[in-house]
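**Q** Would you be able to build a 3D model of this:
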Amino acid sequence: MKIEQIYTGCLAQGAYYIESNGEVAIVDPLREVQDYIDKADKAGAKIKYIFETHFHADFVSGHVTLAEKTGAEIIFGPNASTSFESTVATDGQVFQLGNITITALHTPGHTMESTTYLLKDENGKDHAIFSGDTLFLGDVGRPDLAQKMGELTMEDLAGFLFDSLRNKIMPLADDVIIFPAHGAGSACGKNMMKVTVDTLGNQKKMNYALRADMTKAEFIKELTDGLLPPPAYFPLNVKLNKEGYQSIDKVLAKSQHALPPKEFEMAANETGAVVLDVRHQNDFVKSHIPRSIFIGLNGSFAPWVGDLIKDINQEILLVVPHGKLEEAITRLSRVGFDNVIGYLEGGMDAWSAAGKETDSIKSISASEFKSRLGEHKKIVDVRKESEYLSEHVNDAENFPLSEINNHITEFGNDDFFLHCAGGYRSVIASSILKSRGVHNMIDIAGGFKSIKEAGIEVSEFVCPTTL
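**A** I've put the predicted structure just below:
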């Protein structure tokens, strides 16, 4: 028996390759499926099953394409309904894979079709669970993504999740291994650990949601407290995962359309396409196409695209580093953005050589920022509210990046300082502001990390005490 976790950091997502006696199952595959096929071919094995833990909201799964290419059977849990051929498992249904078995445990709560798959080894012993978004390490799945208007509330779903955890998962042995669908950084939970594999016994000790003495009311309150609004693209990804989508091979073929500067400029002016610059933030700061949006490949690229561009049908023109075109298109497609209509041939060097207009962002070091604090300019912190509340520069105002478009009118005409944690999100924010006509920001290179290293005084969160 072989189990391999295939973890994709930018999505904080875990897919799984399971092999036994010449047969393979894939759990929650990514949209680009060739790696799974190659692994099976190399082992002389056949992909028999594709297990989906639920209809994913944060990425487009590869189940449809993988089934088309291999003939594998797509398995969903109870309550699932798809527009393509699939098997809807019953609670407790057993699937034979080589010398092992995989049992579907219906665990509704994150979504109503959410299912945990229990793997029993060659001796029939419970070995591992593939828990999807039902159980994370340090957290459980958020209950607000599958509400049906007028039918279910997130409190209802949280109650179902409480029952699922206590009736289906917590009774399992402590040495059972947990393989979750996501880790730290995913928007599908709020307190996930950085580790991506753990035992159930350890989670019973560490995970707030698995406390033995916890009441259902306490669980519902803790789980629903402090949830941020889900990214706008989530329902669109669910739709694709239910109804199907275009093959990634076709998306790649149609998107790699080279446009010289003149044609690129015409396309941008005539189509309404977003010009998306995916280079490193330092390169964007120095020179970029006016009104282009920066979201760099070196960060949480796809989730930020989905959160900020929102409409997966939006046409996109790419400014991309040499050799990174296929990566950019692939990572966009993982969250359903399939409408890349071309890329700037020759990149920014060709753009500048053609005499086209460029823009830049004023950027200073944290040391210079420290020396200019006496200017009493507005300080804007675009980190998440939780980061800001933990500690922040004195007098800084918090406008989280995901909400930046709601605050355009609050920036005024005076120069202001802008920072994030490390320099990535602040450049995204600056590009959005500049595209909306706000050009008077001064970016602090290196973000809050550099600010602290420069010895600038910050305000730290103090837990209130009860007298």
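**Q** Going by C-alpha atoms from here, please, whenever you check contacts or count neighbours.
**A** Fine.
**Q** in the stretch 51-200 of the chain, what spans have low per-residue confidence?
**A** Residue ranges of the stretch 51-200 of the chain with pLDDT under 70: 147-150.
**Q** ranges for the strands of it?
**A** Taking DSSP state E, counting those that start in this stretch as the test, the strands found in the stretch 51-200 of the chain are 73-76, 87-88, 94-97, 100-106, 115-120, 126-132, 177-180, 198-199.
**Q** Run the chain-centre distance for the second one.
**A** Taking the mean C-alpha point of strand 87-88 and that of its whole chain, the gap between them comes to 27 Å (CA atoms, centre = their mean, to the nearest Å).
**Q** quick one: strands adjacent to it?
**A** Neighbouring strands of strand 87-88 in its sheet, by DSSP bridges, are strand 73-76 (parallel).
**Q** same question, the fifth one
**A** Here strand 115-120 is paired, per DSSP bridges, with strand 100-106 (antiparallel), strand 126-132 (antiparallel).
**Q** Deepest-packed of the strands of the stretch 51-200 of the chain, please.
**A** strand 115-120 (a mean of 26; mean count of other CA atoms under 10 Å).
**Q** Hmm, residue 448 is touching residue 421, no?
**A** Yes: judged on CA atoms under 8 Å, residue 448 makes contact with residue 421 at a distance of 4.6 Å.
**Q** Compare neighbour counts for those two and give me the winner.
**A** More neighbours surround residue 448 than the other of residue 448 and residue 421, with 24 against 20 (other CA atoms under 10 Å).
**Q** got a list of what the more buried one touches?
**A** 392, 419, 420, 421, 422 (CA atoms under 8 Å, 6 or more residues apart in numbering).
**Q** Break this protein down into its domains, please.
**A** 2-235, 246-353, 363-460 (automatic domain parsing).
**Q** about what we covered before: so which of the strands paired with strand 115-120 is nearest residue 216?
**A** In terms of CA to CA, the element of these nearest to residue 216 is strand 100-106, at 18.9 Å.
**Q** what's that closest one in contact with?
**A** 1, 20, 77-78, 89-96, 113-122, 124, 164, 168.
**Q** Low-confidence stretches in the stretch 351-467 of the chain?
**A** Checking the stretch 351-467 of the chain against pLDDT under 70 turns up 461-467.
**Q** Strands of that one, start to end?
**A** Taking DSSP E, counting those that start in this stretch as the criterion, the stretch 351-467 of the chain carries its strands at 363-364, 378-381, 391-393, 397-398, 416-419, 441-444, 458-460.
**Q** Show me the one of those that comes nearest residue 178.
**A** Taking CA to CA, strand 391-393 is the member of these nearest to residue 178, at 33.3 Å.
**Q** That closest one pairs with which strands?
**A** strand 458-460 (antiparallel).
**Q** The strand it pairs with: which residues count as buried?
**A** Within strand 458-460, no residue counts as buried by 16 or more other CA atoms under 10 Å.
**Q** Just the buried residues of the host helix or strand of residue 349, please?
**A** Using DSSP states H and E, residue 349 maps to helix 347-353. For helix 347-353, a neighbour-count test (16+ other CA under 10 Å) marks 347, 348, 351 as buried.
**Q** Can you convert those residues into JSON lines and add a column each for distance to residue 206?
**A** Output for the buried residues of helix 347-353, formatted as JSON lines (distance: CA to CA, whole Å):
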{"residue": "347", "distance to residue 206": "49"}
{"residue": "348", "distance to residue 206": "49"}
{"residue": "351", "distance to residue 206": "53"}
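**Q** Wait, residue 293 touches residue 432, no?
**A** Yes: taking contacts as CA under 8 Å, residue 293 lies within contact range of residue 432: 6.0 Å.
**Q** Between those two, which is the more surrounded one?
**A** Taking neighbours as other CA under 10 Å, residue 293 and residue 432 compare with residue 293 leading, 28 against 23.
**Q** What residues are recorded as beta-bridge partners of the more buried one?
**A** If you apply DSSP bridges, the partners that residue 293 bridges to are residue 276.
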